[in-house]
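Undergrad: Here's my sequence, what's the structure:
(2 chains)
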Amino acid sequence: MKDALKNPRIIILLFFVALSIIFIAPNPNPHGLKITYVSKDSSLNLQLGEIIYFIDNEPVTIESLNKEYFGTVSIQTNKGVRFFNVNGSLGLTAEPLEYTNLKFGLDLKGGVRTVIEPNVSDKDTIEQIISTLQTRINVYGLRESVFRPIYFEDKGFVEINIAGGNEEELRALLESQGKFEAKIPIILQFRNNESTLKLEKEYKIKLLNNSILIEDSNYKKGEKFFLDNTAFEVGDITKENINLTSTVFTSNDILIVFFDPQRSRIEKIGDIYRWSFAVQLSKEGAERFALITNNLRVVPGGYLDSPIILYLDGELIDSLSIASELKGKVVTEVSISGAAVSMDEAQKERSRLQSILRSGALPTSINIVQLETISPNLGTGFIRNAIIAAIAAILGVVTVVSLRYRKLKIILPMVLISLSEVLMILGFAALVGWTIDLSAIAGIIAAIGTGIDSQIIIIDQALRKEDERIMTLREKLSRAFFVIFGSAGTVIAAMLPLIIIGFGVLRGFAIVTSIGVLVGVLIARPAFAVIIEKII
Amino acid sequence: MIIMVYEIFEKYWKYLMFFTIILLLFSSAVLLNNLFTKGSILERDVELSGGKMINVEVRSADIEALSKEVPYASIQLATGQTQNLIVKIPFDSNETVVIDTIKKYAEVVGQPSVSSVGPILGKIFFQQAMFALVVAFVMMALIVFILFRSFVPSLIVILAATTDILVTLAFLHFLGVKLSLTVLAAILTVIGYSVDTDILLTSEVLKSNRNVKESIDKAMRTGLTLTATTLAALMSIYLFSGSVVLQQIAYVLTIGLLIDLPATWWTNAGLLRWIDERRAKKS
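TA: You can find the predicted model right below:
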């Protein structure tokens, strides 16, 4: 037995098992919150993955993390204690530490899995879509999301797994292209069939039959033109006046979306909940606003004669009257507001708009081609079942092997080696951050099955007594390894195409099976052969 | 029992050899017929053709009444420690209506899970699935050739694997199982698993100094243990996991492994023996 412990193959096995346990890191008493998202507006110099233990010397909770702070705040993380000057929210999203480093898939803990297809699908576009949607989902505050681009022939897709959230929320969040536009309609009066549009310089507008003439170009109702970098659309043309709708801000003009309590609010007015938040706009946009509002007139009540109308993907979201003192001014902050019948809905609606505006517009529109919601209670029941099934499977295998060999000293190492393989596969999963889902469990089962088979082949070869003169034990084992490597090779060969092309579910299965078989053949089986050599 | 099986083989091996070959020919005809009439060797499930699937945990369910109410749905009940009801409907049907109907006829626990696959994505999944199946088979064949570096024995092993895959698919057709990504994963695992016993047998026969009869006997002892342990594990998964995915994999693998028994120990072993006899006669 002492000999066996000195054998390099056994040492390698024990080393990897120990390493796996460290990677999986069973954490019986987790405390603290792990940072999953740091808002760009956050004044805190903290990093993703840092673990917060205390805020102002109080153990951190989700509530205390989302509270507002003013002045100096002490935050103790796994990297030490630091002091920050905060004015409002911390701008962090975090989740409680898990018992282990293993991540469980959506089918085990609930969530939404979806595949989207962009209308343009080159690699750059898809990468941009992923980054935009990731920001949206993080800002919206969903716990965990995994994005994966998939290319198939000339098509590109993005597979998205999100823990938590429901179908309706996600559709609203993902399907919106996020094209933001703020428009101001200008009504110009004609005098002697002529009018003037004042921008960087003055443009003469001539009224023709059902059309207008600007800068030698003729435009009818519904047509668009650009003047001084501003887009205009021709509206109704009458003998008295003309309606020109200018686009003053677009998605590109949104620099900052404010989340702090001064600029992002919900107020109860009567029976409704009115939400609002401010956005900061680019200098170019603000200058455009100044030029356009110069063309508006002051009406009684202290407002200009046209409102500024906000659209998201062509749908009206808000229409704001412009105070008369803003005429011709460079305005860089606009407040967007709306109303809902409940606090919860007001918060969701505000969060949705904030996250869409914050993330910017998608480079192209997208379609949701697959959507799957997985109920979390299906998951908890499943984990219980999986454990029962695993125990039953072990008992079944042990029964068959016991009938065949009737020796505990053979059966015990078999079971132990198989358990060590499960540990190593899970350790690998923890190391590379795989999610353990149903298909991964199926993969582990397939790999362990191959492992048991290989062990039986080793035992049978080693147990042949009659050959002792012709063949040494070593030679017998090397023949066993020929078969073992051969069958491992065929299993991996069968899984390879799935790893290369597969979509989510099958790919996980194929990767886990292949890794499991490799771990078995390279680490567990050589060690098992040593043990059998010593026993027999 | 092993000895009894072996005695039968001893007596009738020249005829038993043809048992799986006939099965293989028959299965090929069934699958080809499917290919020409349905465009796929096995009828496609919602994942591969587009559609919606509702999965919900239930305490009890009146499946007969439910299928009368929604005749266009395919309904399945997976039992284990918990019961799950799986209802598949076409892509353009309304799942909320169906869920309400389910709630009428079944005692539902918690929220149902709904998954939908668009018809175009379904088609892509299907093309990928077929591609994976063909490539996996070719890769497996390549490994077998590299392993034995001998044409005829390699070919015999590949014949056994082909039998396993095609006959399993034909069985699934008669059992009414549709081709889904899960079934595909299981079929690919059958490819990997079923050649194990053939590699074991063939390497024993080719590399051993003993005569072919003894080698087959040795290999069969080990091989039947392999199959028995795997079947024991699959049975537990089938009975206790309560997960449709795992149950379906276990179901398909069980069929594959059972078919592999005659494919390996009658056909593959028989052919090896027949080659050996011919060689003996020549010399």
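Undergrad: Name the spans of the stretch 1-150 of chain B whose pLDDT lies under the cut-off.
TA: Residues of the stretch 1-150 of chain B that meet the criterion pLDDT under 70 lie in B:1-3, B:5-6, B:80-81.
Undergrad: Can you pull the residues of it lying near chain A?
TA: Residues of the stretch 1-150 of chain B lying close to chain A by Cβ under 8 Å from any Cβ of the partner chain are B:55-57, B:80-82, B:84, B:109-118, B:120-121, B:124-125, B:128, B:131-132, B:135-137, B:139-140, B:142-144, B:146-147. From N, CA and C alone the C-beta is placed, and that goes for glycine too.
Undergrad: out of the residues you listed, which are buried?
TA: For those, a burial check counting by 16 or more other Cβ atoms under 10 Å in any protein chain shown picks out B:55-57, B:80-82, B:84, B:109, B:111-118, B:121, B:124-125, B:128, B:132, B:135-137, B:139-140, B:143-144, B:147.
Undergrad: Tell me who's in contact with residue A:269.
TA: Neighbour list for residue A:269: residue A:339 [criterion: Cβ atoms under 8 Å, 6 or more residues apart in numbering or on different chains].
Undergrad: can you tell me which of the residues of the stretch 1-150 of chain B next to chain A are in strands?
TA: B:55-57, B:84, B:109-117 (DSSP state E).
Undergrad: and those, which two are the farthest apart?
TA: Spatially, the most separated pair among those is B:109 and B:117, at 25.1 Å (Cβ to Cβ).
Undergrad: Domains in chain B, by residue range?
TA: Domain assignment of chain B by automatic domain parsing yields the ranges B:2-44+B:120-282, B:51-117.
Undergrad: wait, residue B:172 sits on residue B:254?
TA: No: in this structure, residue B:172 is not within contact of residue B:254 by Cβ atoms under 8 Å, at 11.5 Å.
Undergrad: from the ones in strands among the residues of the stretch 1-150 of chain B next to chain A, which single one is nearest residue B:36?
TA: residue B:117 (24.9 Å).
Undergrad: Skipping its backbone neighbours, what lies nearest residue 101 in space?
TA: No chain specified, so I'll use chain A. Once flanking residues are discounted, residue A:101 sits nearest to residue A:430: 4.1 Å by Cβ to Cβ, 6 or more residues apart in numbering or on different chains.
Undergrad: hm, I was asking about chain B
TA: That would be residue B:69: by Cβ to Cβ, 6+ apart, it lies 5.2 Å from residue B:101.
Undergrad: How about the contacts made by that neighbour?
TA: B:101, B:104-105.
Undergrad: Using PyMOL, define a selection of the buried residues within those residues.
TA: In PyMOL, a selection of the buried entries from the contacts of residue B:69 looks like this (16+ other Cβ under 10 Å):
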select buried, chain B and resi 101+105
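Undergrad: Go through the contacts of residue B:69 and say which is closest to chain A.
TA: residue B:101 (18.0 Å; Cβ to the nearest Cβ).
Undergrad: Kindly spell out which helices and strands sit in contact with the strand or helix carrying the closest one.
TA: Using DSSP states H and E, residue B:101 maps to helix B:95-105. Contact here means 3 or more Cβ pairs under 8 Å, 6 or more residues apart in numbering or on different chains; DSSP states H and E; on that basis helix B:95-105 packs against strand B:51-61, helix B:63-69, strand B:83-89, strand B:106-117.
Undergrad: my guess is residue B:237 contacts residue B:248, does it?
TA: No: the pair residue B:237 and residue B:248 fails to qualify as a contact (Cβ under 8 Å) at a distance of 10.3 Å.
Undergrad: Buried by neighbour count: which residues of the biggest helix by length in chain B qualify?
TA: If you go by DSSP state H, chain B has its longest helix at helix B:2-38. Buried positions in helix B:2-38, judged by neighbour count with 16+ other Cβ under 10 Å: B:6, B:9, B:13, B:16-17, B:20-21, B:23-24, B:27-28, B:30-31, B:34.
Undergrad: Against residue A:76, how distant is residue B:70?
TA: Noted for residue B:70: a distance of 57 Å to residue A:76, by Cβ to Cβ, to the nearest Å.
Undergrad: do residue A:485 as well
TA: Counting by Cβ to Cβ, the separation of residue A:485 from residue A:76 is 52 Å.
Undergrad: ok, now residue A:265?
TA: Where residue A:76 is concerned, residue A:265 sits at a distance of 31 Å (Cβ to Cβ).
Undergrad: tell me the most buried of the domains of chain B?
TA: Mean neighbour count (mean count of other Cβ atoms under 10 Å in any protein chain shown) peaks for domain B:2-44+B:120-282 among the domains of chain B, with a mean of 20.
Undergrad: give me phi/psi at the spatially closest residue to residue A:531 that is not a sequence neighbour?
TA: Among residues not flanking residue A:531 along the chain, residue A:413 sits closest, at 4.8 Å (Cβ to Cβ, 6+ apart). With angles defined as degrees, to the nearest 10, residue A:413 sits at phi -60, psi -40.
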